[in-house]
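Participant: let me see the structure of the following:
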Amino acid sequence: VQLVESGGGLVQPGGSLRLSCAASGFTFSSYYIGWVRQAPGKGLEWVSDMNSGGGRINYADSVKGRFTISRDNAKNTLYLQMNSLKPEATALYYCAKDLSGWGEYDFWGQGTQVTVSS
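Facilitator: Next up is the predicted model:
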């Protein structure tokens, strides 16, 4: 199993970024998959997840209305569109495969850094 995130970078407050997660080594279309972040000096924070078909989506309250998760099962890729970014969104963003659909993340990517600063 391999998960490779990309798309992070430095953005000003109010800006947007789109993260991608390329998956391989498993049947991507069969699993829930999600985004988890870790801000400097803090613990892991769950951000969003999506079921295999894309019909069930969940967001943390802190990102609801500003972030959009999506997936392309034909390309084995997960996305996170982040709009109206705030400085508190600064973190290392990981995509993670959910073994059971209950937040049991068994494989993680290496993360992509998002920094929101003026």
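
Participant: now the strands for this structure?
Facilitator: 2-6, 9-11, 17-24, 33-38, 44-50, 57-59, 67-72, 77-82, 91-98, 105-108, 112-116 (DSSP state E).

Participant: quick one: buried residues of the last one?
Facilitator: Buried positions in strand 112-116, judged by neighbour count with 16 or more other CB atoms under 10 Å: Thr112, Val114, Thr115, Val116. The C-beta positions use only the backbone N, C-alpha and C, and glycine is treated the same way.

Participant: do the fifth one as well
Facilitator: Neighbour-count burial for strand 44-50, counted by 16+ other CB under 10 Å, picks out Trp46, Val47, Ser48, Asp49, Met50.

Participant: got the contact list for stretch 58-76?
Facilitator: Around stretch 58-76, the neighbours that count as contacts under CB atoms under 8 Å, 6 or more residues apart in numbering are 22-24, 28-29, 33-35, 45-50, 52, 54, 57, 77-85, 88-89.

Participant: excluding chain neighbours, what is closest to the residue nearest in space to the middle of the chain?
Facilitator: Nearest to the mean C-alpha position of the chain, by CA atoms, centre = their mean, lies Trp35 at 2.8 Å. Leaving aside its sequence neighbours, Trp35 sits nearest to Val47 (CB to CB, 6 or more residues apart in numbering; 4.2 Å).

Participant: how about Trp46?
Facilitator: Nearest residue to Trp46 in three dimensions, chain neighbours excluded: Val36, at 5.4 Å (CB to CB, 6+ apart).
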